[in-house]
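A.B. asks: need coordinates for the below:
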Amino acid sequence: MFGDHIVDNLIQEIKKLKKELDAVILVHNYQLPSIQDVADYIGDSLELSIKVAVEVNAKYIVFCGVDFMAEQVAVINRNAIVLHPDPSAQCPMANMITLEDVRRARKQYPNTPIVMYVNSPAIVKAESDYIVTSANAVNVVKAIDSDVIIFGPDRHLAEYVAEVTGKTVIPIPPNGHCPVHVKFNPFEITNLKTLYRDSIFIAHPECTADVKKQADFIGSTSQMIKFVRNCQCKHVLVGTEIGLIYRLARENPDKVFIPASTSAICLDMKKITIEKVYRSLKDKVYRVEVPEEIARRVVKAIENTYRVLGVEPPWSKK
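C.D. replies: Reported below is the predicted structural model:
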């Protein structure tokens, strides 16, 4: 483990390299506190990809998160060099769906729209009609002119979308899930609510249905951040990966945040370290490249998503 003085030196070197290379560091909400502290922007994966494409003109983009997120940045920011500090930081849920799954569903349910969660590989997104986030999945599915939807790869988000919209949502694969978000236990949450009687429980839609039933608020990480900022609650039970708690506590010092499960840790997210970020900038590794045709098709699916919601894609206004 590096000492504090070494970490401080690395942070100073990172700041220097950012300026020299015309680089920005994008950091997902689940990253380690030390990584969040060196971020230029923190947020959800697609949100960050679009923000840097529309508002920033950087030569290098270092993305601190799992593989599909870095890939998503490369898809939208075609003129920048996108670096991922550790390619072994992968999303288990994204790896649960394959190109063959999508093509099989397309053949089995012809003319049925395919909605793909952003937590999936680019090659899979490229075969889809729409690409959604946990924040907009419900509104997108509501807006699509079809009573039957194919949705991948998270079956728990698919079930939630079906419940809220009243539509038939077919999950592909049948049991795709986030290993972190299935760790929450409804009995443990009941006990925590008893212990913190004035608390509210916020949950990510990737959680299981029995956990979401206990939630006072269900939403993406960005929606959770906004909800907590505006609520009058004193104690908040957090039903998502524990990395979000650092940001919540920093932005809301008057509130107390309690993990709804202390085991809700994404080990892949935690693979990104300060020394790896430094090496990424110093040695310009590891470059993320997506074939032009795949990127073009992914962008088209994202544009379809914006337009079904009745808005123009942000980059069309540049």
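A.B. asks: show me what the nearest residue to residue 40 once chain neighbours are set aside is bridged to.
C.D. replies: Excluding its sequence neighbours, the residue lying closest to residue 40 (CB to CB, 6 or more residues apart in numbering) is residue 24, at 4.4 Å. Placement of C-beta: from N, CA and C, glycine included. On the basis of DSSP bridges, residue 24 is bridged to residue 61.
A.B. asks: verify the stated contact: residue 24 with residue 53.
C.D. replies: No. Using CB atoms under 8 Å, residue 24 is not in contact with residue 53, being 11.4 Å away.
A.B. asks: would you mark the buried spots in stretch 52-66?
C.D. replies: Going by neighbour count (16 or more other CB atoms under 10 Å), the buried part of stretch 52-66 is 52-53, 58, 60-66.
A.B. asks: closest one of these to residue 198?
C.D. replies: Among the buried residues of stretch 52-66, residue 65 lies closest to residue 198 (CB to CB), at 33.7 Å.
A.B. asks: low-confidence stretches in the stretch 1-150 of the chain?
C.D. replies: Counting by pLDDT under 70, the stretch 1-150 of the chain shows low-confidence ranges at 1-3.
A.B. asks: quick one, strands of it?
C.D. replies: With DSSP state E, counting those that start in this stretch, the ranges of strands along the stretch 1-150 of the chain come out as 23-28, 41-43, 60-64, 81-83, 114-117, 130-132, 148-152.
A.B. asks: same list (these) but as a markdown table, adding distance to residue 193.
C.D. replies: As requested, those are exported to a markdown table (distance: least, CB to CB, whole Å):
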| stretch | distance to residue 193 |
| --- | --- |
| strand 23-28 | 28 |
| strand 41-43 | 29 |
| strand 60-64 | 33 |
| strand 81-83 | 42 |
| strand 114-117 | 29 |
| strand 130-132 | 30 |
| strand 148-152 | 31 |
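A.B. asks: residue 269 versus the closest residue to residue 312 other than its chain neighbours, what's the distance?
C.D. replies: Distances taken as CB to CB, 6+ apart place residue 306 nearest to residue 312, at 6.5 Å, with adjacent residues excluded. Relative to residue 269, residue 306 is positioned 28 Å away (CB to CB, to the nearest Å).
A.B. asks: quick one: residues contacting residue 142.
C.D. replies: Counting by CB atoms under 8 Å, 6 or more residues apart in numbering, residue 142 makes contact with 165, 167.
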